[in-house]
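Participant: Could you look at this predicted model? Sequence included:
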Amino acid sequence: MNGVALAVFVFFFLAVTVMGFLAARWRKAEQSANLDEWGLGGRSFGTWVTWFLLGGDLYTAYTFVAVPAAIYAAGAAGFFAVPYTILVYPLIFTFLPRLWSVSHKHGYVTTSDFVRGRFGSKGLSLAVALTGILATMPYIALQLVGIQAVLDVLGIGGGETTNWFVKDLPLLIAFAVLAAYTYSSGLRAPALIAFVKDGLIYLVIAVAIIYIPIKLGGFDAIFDSAGKAFEQPGPTGKPRGELASGPNAQWAYATLALGSALALFMYPHSITATLSSRSRNVIRRNTTILPLYSLMLGLLALLGFMAIKAGTEIHGNPQLAIPQLFEDMFPSWFAGVAFAAIGIGALVPAAIMSIAAANLFTRNVYKDFLKPDATPAQEHKVAKLVSLLVKVGALAFVLTMDKTVAINFQLLGGIWILQTMPSLVGGLFTRWFHRWALLAGWAVGMAYGTLAAYGVASPTQAHFGGSSREIPGIGEIGYIGLTAFVLNVVVTVVLTFALKAAKAPDGVDETSPGDYTADIGDKGVSPDLPPATAEEAPAGR
């Protein structure tokens, strides 16, 4: 156990825990017992708060642990995360401002609220809500895996032969702290902590990308060592990986990058952070400055190659590669800072994800089907309780599934959440799709994606061992989620023609064209929002 690193880690962990509880008083409204306040931070965040919140939301322990681990284990294939976070911003520039406008005009808290209002279908809304909750669970689990990787390297919890309760006790404590301040403060807690999290991450990456290559003899030596390592046979007898993707891997790489880009802002936590913004222009500005995080991600990915050159011992678990690299290369005190960055980088998105899932259950299951006359105070209470249950479910993922392939947690969720795109993005631009066709397309995409992923094996898993397999009719290996999405769209389009020809009853659209371009100050749009903050006020005001 590294006492100095542990002390620094505990210091930062305690600091953000205090911030999490104090956040309940930050920008607190007089009437705070409602879902807008707890689950969306009062819809009051300006450009910089939103930027840190979205960055903390999207660039997670998955970024810090699983992406470099994938590169450490297989090489260039792990770099798919870099192009997909570049592709995503032009895409969201086209539809997120429209979603913000219509949501603020009608008081929508979730994507399912919008789908119900747009297509007049509680069934389709329920399907989108349940998919969002299902896809979020493994994503939260991935954050807990990141915390556990840090704890393992710090030497907390004992070895593999240790009693399971003792071994997992530190993770359970971290989970309990996360649950407590999320329950207390709602979205304000991760919004405030995100400032610390992102500051630590930028500091650690800036130091690591300069300091570690100097100690290892430069990037020439790093790439040379990685290239030789990938030529060695892996568990299947084939080369372990590739320094640069070869022709046989290009379909898998391209479809995984594209599919992941399409899926990223379908996740409930991405939408929750978006709807917490105070104006339409905040969203537009954020799509132009968020790519700064992609630059950081490209540098972070190189740490996988550095871990190979450094001869990092991972004890059969690639997720330990980067925490162990920091332990080996940095002075103890700075290793503690790096571990804190990873740990806090897991807590922030886990909090947002659990809040987003709770919002979905409360608005689109509890209120729509169980208690239609629920008061704002009752919604607030149910959401807080459900946020705890969601974290318990994610913890079950961590304690029962193979953590050595943590990246598959997120990729499996991506397959599912991508199937909600026709209803959400399609609905933002057209009412042509029939609600029953959208529901059928969703069902086909979900069924195919889940069964196809179940049939993928890996050296350590008989099922759900990866997210790519042969694309029907093409014969190339590609991302299952994108194939399922194409099937989803085809079924939706064909059935829409058929249902319209049969004059099947369509739902009632409660929105109007002007709702999709409305902004603060327009009639009917969030009249009770707080006054502009200093960061949003015009110069000289």
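Facilitator: Arrived safely, thanks for sending.
Participant: Can you tell me the centre-most residue of the chain?
Facilitator: Most central in the chain under Cα atoms, centre = their mean is L58, positioned 5.1 Å from the mean C-alpha point.
Participant: How confident is the prediction for that one, by pLDDT?
Facilitator: Listed pLDDT for L58 reads 79.
Participant: Please verify my assumption that it contacts S294.
Facilitator: No. With contacts counted by Cβ atoms under 8 Å, L58 stays clear of S294, the gap being 9.9 Å. Heads up, the C-betas are built off the backbone N, CA and C, glycines and all.
Participant: if I look at those two, which residues touch both of them?
Facilitator: T85 (Cβ atoms under 8 Å, 6 or more residues apart in numbering).
Participant: Pull up the gap between P505 and S125, please.
Facilitator: Applying Cβ to Cβ, to the nearest Å, the value for P505 to S125 is 17 Å.
Participant: for T60, same thing?
Facilitator: For T60, the distance to S125 - Cβ to Cβ - is 27 Å.
Participant: likewise A15?
Facilitator: Distance from A15 to S125, counting by Cβ to Cβ: 40 Å.
Participant: Compare those two and say which one has the larger neighbour count.
Facilitator: Per other Cβ atoms under 10 Å, whichever of A15 and S125 has more neighbours is S125, with 29 against 14.
Participant: pLDDT score assigned to the more buried one?
Facilitator: 97.
Participant: Looks like it contacts R118 (just checking).
Facilitator: No. At 9.4 Å, S125 and R118 do not qualify as touching, with contact defined as Cβ under 8 Å.
Participant: Number of residues surrounding K238?
Facilitator: Using other Cβ under 10 Å: K238 sits among 8 other residues.
Participant: Next up, phi/psi of it, please.
Facilitator: K238 has phi and psi values of phi -90, psi 170 when expressed as degrees, to the nearest 10.
Participant: And E242, by the same measure?
Facilitator: Torsion angles, degrees, to the nearest 10, at E242: phi -140, psi 140.
Participant: and the helix or strand R469 falls within, what does it pack onto?
Facilitator: R469 belongs to strand 468-470 when assigned by DSSP states H and E. Packing partners of strand 468-470 (3 or more Cβ pairs under 8 Å, 6 or more residues apart in numbering; DSSP states H and E): helix 250-264, strand 477-479.
Participant: Reformat those as JSON lines; add distance to T182 and mean pLDDT.
Facilitator: Output for the helices and strands packed on strand 468-470, formatted as JSON lines (distance: least, Cβ to Cβ, whole Å; pLDDT from 0 to 100):
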{"stretch": "helix 250-264", "distance to T182": "22", "mean pLDDT": "91"}
{"stretch": "strand 477-479", "distance to T182": "32", "mean pLDDT": "92"}
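Participant: Quick check: which of those is buried the most?
Facilitator: Ranked by mean neighbour count under mean count of other Cβ atoms under 10 Å, the helices and strands packed on strand 468-470 are led by strand 477-479, which reaches a mean of 24.
Participant: neighbouring strands for that strand, and are they parallel or not?
Facilitator: strand 468-470 (antiparallel) (DSSP bridges).
Participant: model confidence over the strand it pairs with, on average?
Facilitator: Strand 468-470 shows a mean pLDDT of 89.
Participant: Okay, buried residues for that strand please.
Facilitator: Within strand 468-470, the residues that qualify as buried by neighbour count (16 or more other Cβ atoms under 10 Å) are 468-469.
Participant: Return the distance of it from the chain's centre.
Facilitator: Put simply, strand 468-470 sits 23 Å off its chain's centre (Cα atoms, centre = their mean, to the nearest Å).
Participant: contact partners of it?
Facilitator: 252, 255-256, 452, 455-456, 476-480.
Participant: and if we set it to 10 Å?
Facilitator: 77, 249, 251-253, 255-256, 259, 411, 452-453, 455-456, 476-483 (Cβ atoms under 10 Å, 6 or more residues apart in numbering).
Participant: what sits in contact with each of S125 and R118?
Facilitator: 423, 435.
Participant: burial count for the closest residue to G186 other than its chain neighbours?
Facilitator: Distance criterion Cβ to Cβ, 6 or more residues apart in numbering; nearest residue to G186, sequence neighbours excluded, is W38 at 3.6 Å. Neighbours of W38 under the rule other Cβ under 10 Å: 28.
Participant: Please shift the residue numbers so they start at 31 in all later answers.
Facilitator: In the new count, where the first residue is 31, that last one comes out as W68.
Participant: I'd like the distance between V523 and I313.
Facilitator: For V523 relative to I313 (Cβ to Cβ), the value is 29 Å.
Participant: actually I244, sorry about that
Facilitator: Distance from I244 to I313, by Cβ to Cβ: 40 Å.
Participant: If you count surrounding residues, which of the two has more?
Facilitator: Using other Cβ under 10 Å as the criterion, I244 and I313 rank with I313 on top: 22 against 8.
Participant: Now the element after the helix or strand hosting the more buried one, going C-ward?
Facilitator: I313 belongs to helix 310-319 when assigned by DSSP H and E. Downstream of helix 310-319, the first helix or strand assigned by DSSP H and E is helix 321-331.
Participant: quick one, helices of the stretch 231-380 of the chain?
Facilitator: 249-260, 280-294, 298-305, 310-319, 321-331, 333-339, 351-359, 362-391 (DSSP state H, counting those that start in this stretch).
Participant: hey, least reliable of those helices by pLDDT?
Facilitator: Looking at these, the bottom one is helix 321-331 with a mean of 86.
Participant: was I right about S300 contacting L294?
Facilitator: Yes. Contact status for S300 versus L294: in contact at 6.4 Å, counting by Cβ atoms under 10 Å.
Participant: Identify the contacts common to those two.
Facilitator: 88, 118, 122, 447.
Participant: Now that R73 has come up, it's in contact with S306, right?
Facilitator: Yes. Taking contacts as Cβ under 10 Å, R73 lies within contact range of S306: 6.0 Å.
Participant: intersection of neighbour lists for those two?
Facilitator: In contact with both R73 and S306: 66, 130, 217, using Cβ under 10 Å, 6+ apart.
Participant: Not counting its neighbours along the chain, what's nearest the last one?
Facilitator: Here the nearest residue to L217 in space, its sequence neighbours aside, is G71; by Cβ to Cβ, 6+ apart that works out to 4.2 Å.
Participant: That neighbour: neighbour count?
Facilitator: 31.
Participant: Could you do P168 as well?
Facilitator: The local packing of P168 (other Cβ under 10 Å) involves 24 other residues.
Participant: related to what we said a few turns ago, filter the shared contacts of R73 and S306 down to the ones in helices?
Facilitator: 66, 130 (DSSP state H).
Participant: Which of the shared contacts of R73 and S306 sits closest to Y546?
Facilitator: W130 (9.6 Å; Cβ to Cβ).
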